[in-house]
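Undergrad: Fold the following.
(2 chains)
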Amino acid sequence: MATQSKQKWLTPHNYLSLKLWETMGTGLFNFLIFLLVFVYLFPMIFMVATSLMEGPQLTDRNAPAYPARHIRYEYQGRSYAVYNVPFSNGEVRHLALVEPGRTSSQFIDPQNPDGGFIAWDGNWRQLIGVYEFHVTLNNFTNLFSALRISQMLQNTLIMTVIAEVGVLLSSIIVAYGFSRFPLPGGDLLFYILIATILIPEKVTLIPTYFFFVRILHWEGTWLPILVPFFFGNAVYIFLLRQNFKSIPKDLDEAAMLDGAGPLRILFQVILPQSWPTVITVSLLHFFYMWNETRQAALYLSISRDLAPISFGVQSFQSLSPIQNQLQAGALILMSVPVIVLLISQRYFMRDMVVTGMEK
Amino acid sequence: MLTRKPLRIRYDKRFGLLLISPWVIGLLLFKLLPILASLGISFTNFQLLTPEQTRFTGLENYTRLIHDDAVGYVLFETIALGITTIPLQLVASIFLASLLSNPRLKSGNLMRTLFFLPSIIPGVAIFFMWIGFADPATGWLNKLILHPLGLTGFNNLFSDGAIAFLFSISSLWSVGPGMLIMLGALQGLPAEIQEAARVDGAGPLVRFFYITLPLISPAIFFAIVINMIAIFGGVILLDRGSIFSGSFSPYDGYVSFILFEKHDLGYAASLAWFFFIIVMIVVYALFSSARRWVYYPDRDA
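TA: Next up is the predicted model:
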């Protein structure tokens, strides 16, 4: 529609101008989308920038938004801050403040230190400093030494591997049962499976906690967090079952004629065709594990050595660190899932779209 | 194909049961038994610190709950949260999906990934990032956005307006799964219908509201269900709850308060069960309303 109305006053016989319009429209559209992404992810830029700042910059109201430091000038063995000093003739000079005063201050010109003191009338506190771009990695190195970040990363990694093995194995086997085998009660069990997704966590929390802590004495271990994954996850079972159902049974039959048992059919016929969904499910679970703090807060608050990274960084807030440390901690925490998403985006995004379509 | 004799492949019923048995055991151990135990606890005055004084109190917790002003308040807040964030997320996900499914878009996959990105960032990191960003002293929200626009900006990070702002941000920043559902639905749309309507003279807006929206209504329904579960506190894909309250919803936060601060397990259990019943009613209402507005292609055939 849009191009039709434009054609009327755009001399339709001129193909070139129409094409030019198309190109310009496409360019503008892409530019707007790019702008939207930029605005949408803007706080991430804040996070990266702040995590690279040094402490003094955060308390300085006149400091620029990018990581920077106040330029200082070394004069006769002492260091002085450099300011933008405006003069009555409209000139603004970069001068080092040697002797601050309420109504008049003494400066020295870093370009011409032998020129002696320059007097300036006015309150030096209203002067704006001269900054240069400067990044520091101290926030990260401090966190690694003070917070045992590497141990927490290692904890999360081990937990994720165990949970992945458990949840994938059990969910695949259960989904295979749901997709191929006649079960008592027909679809009733499957509806129960879907219904369990809707159960609020709090309803099961108290008895589950007592079961794990008072009966099994699993407090301070990973067991209460990891063991339930070995019994399958309803969402993953649902996703895998939908995928298995889309694989024709003819292939099962062919394999069965060759003498394959039901488990061999699963691992040699069905799974090789559904690995995109398996990868999607394992990525979903990876992101879940990297995000998990609630279970850790329940069961791991007494054993700091076993704390996963998300929970560790969360408790870091209670030390009320300054912003640059906080942002560095958050950046370390999010970097792993972000890198994993960017690497796997080709498969993950496509398969998630397909999964959405099936429903 | 047609001449081949249909081979009756035997899927053994008992083997099927064996296959799903891990889930059945998990269902009993981690869902059904705890839910029933929770119901049992809700009829007692079970306190964490004085478990020996536990006795059966009948419906006492439930009458207390009805008279508890805080319950009405957090319930109202939870519903208000759902009513504001679910449509916001829905509109944002449809808007983004229509933009990102435009064939003119260069490097569409990367753009989709970038919009999806916040959905996989751990909630703790998002929380730190946004409170830092909105921080009145050192954040960029005042410095680079509100003040240059001539607005007053935030003075207090914990004022009501700021919290509401952060809540809507948190829902916009988890738009990823909804966006992918809508992208999938838009990709599955038959082009002929759009083309036919265009030939008949329907404008882009008419086509969107009368053709596209009804055709993607199953995806909209699915997205509403997912978002609703997230607010109600079920565990779903990539869900991280409402990160700014440290818990899924205001109601959930209140249950946590009774549980972890007051150690009043009996009352907490009755609160959880009361909410469970409300969730079931809402889910039932949603699913029965679906018949009226969700379009299923096979129903017409």
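
Undergrad: In this structure residue B:229 contacts residue A:195, no?
TA: No - using C-beta atoms under 8 Å, residue B:229 makes no contact with residue A:195, being 11.1 Å away. For the C-beta atoms, the positions are set from N, CA and C on the backbone; glycine is no exception.

Undergrad: more neighbours, the two?
TA: Just comparing residue B:229 and residue A:195: by other C-beta atoms under 10 Å in any protein chain shown the higher neighbour count belongs to residue B:229, 22 against 13.

Undergrad: quick one: low-confidence parts of the chain?
TA: As the question left the chain open, I've gone with chain A. Residues of chain A meeting the criterion pLDDT under 70: A:1-16, A:351-359.

Undergrad: oops, chain B please
TA: Within chain B, the segments meeting pLDDT under 70 span B:1-10, B:153-154, B:156-164, B:233-248, B:297-301.

Undergrad: Report the central residue of it.
TA: Nearest residue to the geometric centre of chain B (C-alpha atoms, centre = their mean): residue B:227, 2.2 Å.

Undergrad: Which secondary structure element is home to the closest residue to it other than its chain neighbours?
TA: Closest residue to residue B:227 apart from its sequence neighbours, by C-beta to C-beta, 6 or more residues apart in numbering or on different chains: residue B:86 at 4.8 Å. Element membership for residue B:86 (DSSP states H and E) is helix B:69-100.

Undergrad: likewise residue A:64?
TA: Assigned by DSSP H and E, residue A:64 belongs to no helix or strand.

Undergrad: Roughly how far does it sit from residue B:151?
TA: Per C-beta to C-beta, to the nearest Å, residue A:64 is found 21 Å from residue B:151.

Undergrad: got it, and residue B:112?
TA: Distance, residue B:112 to residue B:151, using C-beta to C-beta: 32 Å.

Undergrad: And residue B:53, by the same measure?
TA: As defined by C-beta to C-beta, residue B:53 lies at a distance of 56 Å from residue B:151.

Undergrad: Next: residue A:160.
TA: For residue A:160, the distance to residue B:151 (C-beta to C-beta) stands at 43 Å.

Undergrad: higher neighbour count, these two?
TA: Between residue A:160 and residue B:151, residue A:160 has the larger neighbour count (other C-beta under 10 Å), namely 21 against 10.

Undergrad: show me the contacts for that one.
TA: For residue A:160, the contacting residues are A:285-286, A:289-290, by C-beta atoms under 8 Å, 6 or more residues apart in numbering or on different chains.

Undergrad: cool, and residue A:348?
TA: Counting by C-beta under 8 Å, 6+ apart, residue A:348 has contacts A:279-280, A:283, A:341.

Undergrad: One more pass at 10 Å, please.
TA: Under the criterion of C-beta atoms under 10 Å, 6 or more residues apart in numbering or on different chains, the neighbours of residue A:348 are A:276, A:279-280, A:283-284, A:287, A:340-342, B:113, B:116, B:120, B:180.

Undergrad: what does residue B:280 give?
TA: Counting by C-beta under 10 Å, 6+ apart, residue B:280 touches A:195, A:198-200.

Undergrad: can you tell me which of those are up against chain B?
TA: A:195, A:198-200 (C-beta under 10 Å from any C-beta of the partner chain).

Undergrad: Go through the residues you listed and name the one nearest residue A:126.
TA: residue A:200 (56.9 Å; C-beta to C-beta).

Undergrad: Now do that closest one against residue A:191, distance only.
TA: Distance from residue A:200 to residue A:191, by C-beta to C-beta: 18 Å.

Undergrad: Quick check: phi and psi on residue A:123?
TA: Torsion angles at residue A:123 (phi, psi; degrees, to the nearest 10) stand at phi -80, psi 120.

Undergrad: What is the burial count for it?
TA: When neighbours are defined as other C-beta under 10 Å, residue A:123 has 12 of them.

Undergrad: Would you check that the residue nearest to residue B:227 makes contact with residue B:228?
TA: Yes - taking C-beta atoms under 10 Å as the definition, residue B:86 is a contact partner of residue B:228 at 6.6 Å.

Undergrad: Neighbour count: residue A:200 and residue A:191, which is higher?
TA: Taking neighbours as other C-beta under 10 Å, residue A:200 and residue A:191 compare with residue A:200 leading, 24 against 11.

Undergrad: Next, the contact list for residue A:346, please.
TA: By C-beta under 10 Å, 6+ apart, the contact set of residue A:346 is B:109, B:113.

Undergrad: From residue A:238, how far out is it?
TA: Distance, residue A:346 to residue A:238, using C-beta to C-beta: 24 Å.

Undergrad: residues touching the residue nearest to the spatial centre of chain A, list them.
TA: Centroid-nearest residue in chain A, with C-alpha atoms, centre = their mean: residue A:334, separated by 3.8 Å. Going by C-beta under 10 Å, 6+ apart, residue A:334 touches A:44, A:47, A:290-291, A:310, A:313, B:117-118, B:120-122, B:124-126, B:128-129.

Undergrad: Quick check: phi and psi on residue A:69?
TA: As for residue A:69, its main-chain torsions (degrees, to the nearest 10) stand at phi -140, psi 150.

Undergrad: Would you agree it is in contact with residue A:58?
TA: No - the criterion here is C-beta under 10 Å, and residue A:69 misses it with residue A:58 at 11.8 Å.

Undergrad: Between those two, tell me which one has more neighbours.
TA: Using other C-beta under 10 Å, the more surrounded residue of residue A:69 and residue A:58 is residue A:69, with 18 against 15.

Undergrad: Spit out the contact partners of that one.
TA: When contacts are counted by C-beta under 10 Å, 6+ apart, residue A:69 touches A:53-54, A:56-57, A:60, A:63, A:129, A:131-136.

Undergrad: Check residue B:172 too.
TA: Taking C-beta under 10 Å, 6+ apart, we find residue B:172 in contact with A:40, B:85, B:88-89, B:92-93, B:96, B:118.

Undergrad: try residue B:30
TA: A:196, A:199, A:204, A:207-208, A:211, A:227-228, A:231.

Undergrad: same deal with residue A:295?
TA: Here residue A:295 is in contact with A:201, A:212, A:222, A:224-226, A:228, A:308, A:311 (criterion: C-beta under 10 Å, 6+ apart).

Undergrad: Among these, which ones lie close to chain B?
TA: The subset of the contacts of residue A:295 within reach of chain B, by C-beta under 10 Å from any C-beta, is A:201, A:228, A:311.

Undergrad: got a winner among the residues you listed for most neighbours?
TA: residue A:311 (23 neighbours).

Undergrad: Among the contacts of residue B:172, give me the pair with the biggest separation.
TA: Once C-beta to C-beta is applied, the contacts of residue B:172 give A:40 and B:85 as the farthest pair, at 16.8 Å.

Undergrad: Pick out whichever of these two has more residues nearby.
TA: Higher neighbour count among residue A:40 and residue B:85: residue B:85, with 20 against 17, using other C-beta under 10 Å.

Undergrad: what's the host helix or strand of the residue nearest to the centre of chain B packed up against?
TA: Under the criterion of DSSP H and E, residue B:227 resides in helix B:217-232. Where contact means 3 or more C-beta pairs under 10 Å, 6 or more residues apart in numbering or on different chains; DSSP states H and E, helix B:217-232 is packed against helix A:188-197, helix A:323-358, helix B:69-100, helix B:160-172, helix B:176-187, helix B:250-256, helix B:265-293.

Undergrad: residues bridging contact with residue A:69 and residue A:58, i.e. touching both?
TA: Counting by C-beta under 10 Å, 6+ apart, nothing touches both residue A:69 and residue A:58.

Undergrad: ok, back up a step: drop anything exposed from the contacts of residue A:348.
TA: Neighbour counting by 16 or more other C-beta atoms under 10 Å in any protein chain shown classes A:280, A:283-284, A:287, A:340-341, B:113, B:116, B:120, B:180 among the contacts of residue A:348 as buried.
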